[in-house]
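Participant: Sequence plus the predicted model coming up.
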Amino acid sequence: MRTDIAIIGGGLTGLMMARALTATGADILLVDRQSAGRLSDTDSLPDERTTTINAAGMRMLQTLGVEDNLQQEATPIMRIAVAEGAALSGLAARRRPNTDLSWQASDTPMAYVVSNADLQAALTTTLAAVSDGFGSIEILSGTVLTGMARDAGSMRLDIEDAHGKRSHRLADLVVACDGNNSKVAEFANLAARQERPFQTAIVSVLQAERDHENTAFQRFLPTGPFALMPMSGQHLSLVWTLPDDDAQTLLAADDQAFEAACLDAFGQSLGYLHLAGQRLAWPLRPSIRKRITGAGVVLAGDAAHALHPVAGQGYNLALADAAVLADCLARARARGLSSGHPSIWQAYEAARRTERLAMSAATSGINQLFVRSPAFVRRMAGAGFAVLDKSPVKTVFSRIAEGGELADAALLRGKFPGTL
């Protein structure tokens, strides 16, 4: 059997990619190794992770009808507060501002925080409602990719279902949304360079005593960044990056010890921080690839660029990947070209180069600066934040944080693919 485009990977990136590309009229095959209805690999644990979506990304979700299917209202981010070093106390805290750098939105939110589980359910619902004239979608759940090869201008995919039954499919184009350890990238010989040292992200939910005022907090510690993203009420989504061994120690600590560690790291500006969710851990293995395309193959999301979560930009790059590829595909189809025409992956490679390299360098560079540098260098960087806070350049960074500045695509502007 043959299809226009085969998407490998049914997580948040794969589902969004499928929705974006069906808007071009393409027929899509989505190969998902997870069984239908499963949201994660963490046994029976609920996925308490959240995703930060910038303003441009939210316009894309609105345009594609995904936002309408969110069961929980996305939490807007109206302010970003950045600080260097652990929180101060006593007289030192009164002498120094609680943040070194602060962005305040004027009227509209800079970004939004959504639950991963809610977003995945909304994407699944949206795909199920794709109507005629907007392409078609076939989802193969519980199916893995076992091989891939170029065959007479098409891509041959060898797949195996949950019962061990093997078959193959033909596609004009393969889109890899299968994560950092992408099998598609491996089959296509698109090598990645991983960043060291390895770190682990502790993810949970905290409840503050005081109102977070829709602020996203980022505190750069010598061991790694401590980030709090606003959620409904006085809840906050925690992403705390630590060396692997330190993370395991905190994961094993009792709740009271963990809360005390959070308070020591972040400070008391929000009052006591109560643990309001399970502590989960994800190994961080940021990587970058020299190329993200090959003959008949494009990589997207973590398969193309696994970012450090320091700026919460990983999924925003995945959204831009989908939006840009949708434009490339729409332009080719308008010229009567097939979904596997070389102009598509060549245009995608060129269009994604600036943003993915800039974001990879920025996120890894900031993390390495604070984790591996001597104390005086970290203090100088913190002073640099304070200088930037009073500089006109901050406006440029604000526009980048809102999205659509380094990537130009119709969906990010709230229009359908191929629209000028």
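Facilitator: All right, it came through fine.
Participant: All the helices of this structure, residue numbers only.
Facilitator: 12-22, 55-63, 90-95, 116-128, 183-187, 244-252, 255-266, 314-334, 342-372, 375-389, 393-402 (DSSP state H).
Participant: Compare the mean pLDDT across those helices and name the weakest.
Facilitator: Here those differ in mean pLDDT, and the lowest is helix 375-389 at a mean of 43.
Participant: show me what contacts the residue positioned nearest the centre of the chain?
Facilitator: In the chain, the residue lying closest to the centroid (Cα atoms, centre = their mean) is residue 315, at 2.0 Å. The contact partners of residue 315, by Cβ atoms under 8 Å, 6 or more residues apart in numbering, come to 12-13, 51-53, 57, 301. All C-beta spots, glycine's among them, are computed from the backbone N, C-alpha and C.
Participant: And for residue 292?
Facilitator: 190, 298-300, 304-305, 348-349, 352, 356.
Participant: Does residue 416 touch residue 23 like I think?
Facilitator: Yes - applying Cβ atoms under 8 Å as the test, residue 416 and residue 23 come out as touching, 5.7 Å apart.
Participant: between the two, who's got more neighbours?
Facilitator: Neighbours were tallied for residue 416 and for residue 23 using other Cβ atoms under 10 Å; the higher tally belongs to residue 23 (23 against 16).
Participant: for that one, what are its contacts?
Facilitator: By Cβ under 8 Å, 6+ apart, the neighbours of residue 23 are 64, 134-135, 326, 411, 416-417.
Participant: Which of these sits closest to residue 210?
Facilitator: residue 64 (36.3 Å; Cβ to Cβ).
Participant: Measure how buried the residue nearest to residue 268 when sequence neighbours are not counted is and give me the count.
Facilitator: Setting aside the residues directly before and after it, residue 268 is nearest to residue 87 in space (Cβ to Cβ, 6 or more residues apart in numbering), at 7.3 Å. Burial measure for residue 87: 18 neighbouring residues, criterion other Cβ under 10 Å.
Participant: before we move on, what about residue 302?
Facilitator: Counted with other Cβ under 10 Å, residue 302 comes out at 25.
Participant: Can you give me the distance of it to residue 74?
Facilitator: Distance, residue 302 to residue 74, using Cβ to Cβ, to the nearest Å: 22 Å.
Participant: just residue 211 next, same as before
Facilitator: 18 Å.
Participant: got the buried residues for stretch 108-121?
Facilitator: 109-121 (16 or more other Cβ atoms under 10 Å).
Participant: can you tell me which two in those are farthest apart?
Facilitator: Greatest spatial distance in the buried residues of stretch 108-121: 110 and 121, 25.0 Å, computed using Cβ to Cβ.
Participant: Distance of the residue nearest to residue 268 relative to residue 276?
Facilitator: The gap separating residue 87 from residue 276 is 20 Å, by Cβ to Cβ.
Participant: and stretch 72-84, how far apart are its ends?
Facilitator: Separation of the first and last residues of stretch 72-84 by Cα to Cα, to the nearest Å is 33 Å.
Participant: tell me which residues in that stretch are buried?
Facilitator: Buried residues in stretch 72-84 (16+ other Cβ under 10 Å): 74-84.
Participant: go on, stretch 277-286?
Facilitator: Quick answer for stretch 277-286 (16+ other Cβ under 10 Å): 277, 279-282, 284-286.
Participant: Now, the residues you listed that are in strands?
Facilitator: 280-282, 284 (DSSP state E).
Participant: Include distance to residue 251 and pLDDT when you put those into a markdown table, please.
Facilitator: Below are these laid out as a markdown table (distance: Cβ to Cβ, whole Å; pLDDT from 0 to 100):
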| residue | distance to residue 251 | pLDDT |
| --- | --- | --- |
| 280 | 9 | 92 |
| 281 | 6 | 91 |
| 282 | 11 | 88 |
| 284 | 14 | 82 |
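Participant: mind putting those in CSV, distance to residue 152 included?
Facilitator: Formatted as CSV, these follow (distance: Cβ to Cβ, whole Å):
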residue, distance to residue 152
280, 46
281, 46
282, 41
284, 41
